[in-house]
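Novice: Give me a model of this one.
(one chain, ligands or ions: 2)
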Amino acid sequence: MREFEYVRADEIGQAVATVTADPAASYLAGGTTQLDLMKDGVLGPERLVDITRLPMRGVAREGGTLRVGALTTMEELAADPTVAGRLPLVRQALLLGASVQLRNMATIGGNLLQRTRCRYFRDPTVPACNKRSPGTGCAAVTGAARMHAVLGAGRACIALHASDLAVALVALDAVVHVQSRDGTRSIPLTGFYLLPGDTPDRENVLAHGELITAVDIPLPPEGTRSGYLKVRDRASYEFALASAAVALILDDGVIREARVALGGVGTVPWRAREAEDVLRGAPAAAPAFLAAAEASVRDPFTVPGTAFKVELAKRTLVRALRTVAEAS
Ligand code: FAD
Ligand code: SF4
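Specialist: Ligands and ions are numbered 1, 2, ... in the order given. From the prediction side, this is the model:
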């Protein structure tokens, strides 16, 4: 690993000022992504600003919103009583991710900013990776692709967004709170991530030095049923091949409100609004679920290794909808 300076921040303003002033500085939270990538030689910050002592940890209910501090760990958020009672899709997305050891270190802010698991991105000996080295091409498009995206993808990059939590949070219209040297701003998570286009190195709307301080999760109305289904190569400790976050309000067997997002298939956590439009007002039964699944995976970009994901994503969504609709 390249040598770097370690700085422990005591207050938010100091952390933001330090990173903003230095293009070679990065934040360090739980370190489960950041340190891996440094050891692999993918990232080489000259200064790491440890934010773990900052007052950004904990979960608080404020009316109809759950405010989650960015340093809250995945395990802490999953154990929160409001999450357990009102947000099953969030709890399931958290507990189906990583391992308990990782979830005890990994923070919510870091989870939203985790980098792709594309093997070519994570191997600096591979020259062609537009995300790591803009303008060099994409080794995955002609190489071994499986844990890659089919939605929002293109020839420049097919890297998957790997966060499970982000999929549940885009379905719920969560909002990210950010601190910069100039003040604060709030960003809807649905507008936080950027499609790769011709600039896959730009993954989100944050400017260098902006710090995520909290995430607001609007609580769905009482009586909402929800769930997160994750399909993967092995039963635990594995990223999704396809996943679906679903929230439904049923009225006498008819779907009054629907929220749907897909994971494991998108370059960003994929909100499937077309599927929601199909579901709203329809009887909660197979024909609507199948039509929603068809609508959710429009215009995929596939390579031989990822073509199977189109059908897998549809089946995953149908199963998730059925499971949530049938839950008592
Ligand atoms: P760090 O590694 O400290 O930081 C990650 C990035 O975010 C860095 O660039 C850092 O500078 C930046 N950052 C961190 N906090 C902030 C902040 N508040 N504001 C601005 N920037 C910030 N995730 C899943 O969703 N599902 C899985 O199945 C899953 N499996 C995993 C398996 C393994 C083996 C590993 C290593 C990880 C897995 N993960 C999975 C990813 C894991 O959830 C993330 O690594 C973790 O959430 C990152 O949080 P962290 O606090 O460790 O972030
Ligand atoms: Fe790089 Fe994206 Fe291609 Fe992977 S898919 S090699 S991250 S450009």
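
Novice: List, one by one, the residues from this structure near ligand 1.
Specialist: Taking CB under 6 Å from any ligand atom as the criterion, the chain approaches ligand 1 at residues 26-34, 36, 70, 97-98, 102, 105-107, 109-111, 113-114, 162-165, 211-212, 239. For the C-beta atoms, the positions are set from N, CA and C on the backbone; glycine is no exception.

Novice: pull the CA atoms of stretch 216-227 into CSV?
Specialist: Extracted C-alpha coordinates of stretch 216-227, given in CSV (Å, rounded to 0.1, in the frame of the first residue of the first chain):
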residue,chain,number,x,y,z
ASP,A,216,-33.6,10.8,5.7
ILE,A,217,-36.0,7.9,5.1
PRO,A,218,-39.6,8.9,4.8
LEU,A,219,-41.8,6.3,6.6
PRO,A,220,-44.4,4.7,4.3
PRO,A,221,-48.0,4.9,5.5
GLU,A,222,-49.1,2.4,8.2
GLY,A,223,-50.2,-0.9,6.6
THR,A,224,-47.6,-0.7,3.8
ARG,A,225,-46.2,-4.2,3.1
SER,A,226,-42.6,-4.4,1.9
GLY,A,227,-39.7,-6.7,1.3
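
Novice: Quick one: buried ones out of the residues of the chain next to ligand 1?
Specialist: 26-34, 70, 97-98, 102, 105-107, 109-111, 113-114, 162-165, 211-212, 239 (16 or more other CB atoms under 10 Å).

Novice: Can you name the residue of this protein that approaches ligand 1 most closely?
Specialist: At 2.1 Å from ligand 1, G110 is the closest residue in the chain, using CB to the nearest ligand atom.

Novice: Let's see the helix or strand hosting that residue as CSV, backbone CA atoms only.
Specialist: Counting by DSSP states H and E, the element that carries G110 is helix 108-112. Coordinates of each C-alpha in helix 108-112 appear next as CSV, following Å, rounded to 0.1, in the frame of the first residue of the first chain:
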residue,chain,number,x,y,z
ILE,A,108,-24.5,3.9,6.0
GLY,A,109,-22.6,6.8,4.3
GLY,A,110,-19.9,4.4,3.2
ASN,A,111,-22.4,1.9,1.9
LEU,A,112,-24.0,4.4,-0.4
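
Novice: List the contacts of that helix.
Specialist: 29-30, 32-34, 56, 68-74, 77, 97, 163, 165-166, 169, 176, 189, 192, 212, 215 (CB atoms under 8 Å, 6 or more residues apart in numbering).

Novice: contacting residues around W270?
Specialist: Contacts of W270 by CB under 8 Å, 6+ apart are L151, G152, V167, V170, A261, L262, G263.

Novice: Just the pLDDT for the spatially closest residue to the first one that is not a sequence neighbour.
Specialist: In space, not counting the residues next to it along the chain, L151 is nearest to G266; the distance is 4.3 Å by CB to CB, 6 or more residues apart in numbering. Each residue has a pLDDT score; the one for G266 is 98.

Novice: Can you give me the distance of G266 to K309?
Specialist: Using CB to CB, to the nearest Å, G266 is found at 10 Å from K309.

Novice: List the residues that are in contact with both of those two.
Specialist: With CB under 8 Å, 6+ apart as the test, G266 and K309 both reach V150.

Novice: any idea of the pLDDT on the residue sitting furthest away from the middle of the chain?
Specialist: Going by CA atoms, centre = their mean, the residue of the chain most distant from its centre is D252, 33.1 Å out. D252 is assigned 96 on the pLDDT scale.

Novice: quick one: contacts for it?
Specialist: Here D252 is in contact with no residues (criterion: CB under 8 Å, 6+ apart).

Novice: Backbone dihedrals for it, please?
Specialist: phi 50, psi 40 (degrees, to the nearest 10).

Novice: please renumber so the chain begins at 456
Specialist: All right, first residue 456 from here; so that's D707.

Novice: which residues sit in contact with C584?
Specialist: Going by CB under 8 Å, 6+ apart, the list of residues near C584 reads C573, Y575, F576, T591, G592, C593, A594.

Novice: Name whatever forms a beta bridge with it.
Specialist: C593 (DSSP bridges).

Novice: how near is it to Y575?
Specialist: For C584, the distance to Y575 - CB to CB - is 5 Å.

Novice: again with V670
Specialist: Counting by CB to CB, the separation of V670 from Y575 is 30 Å.
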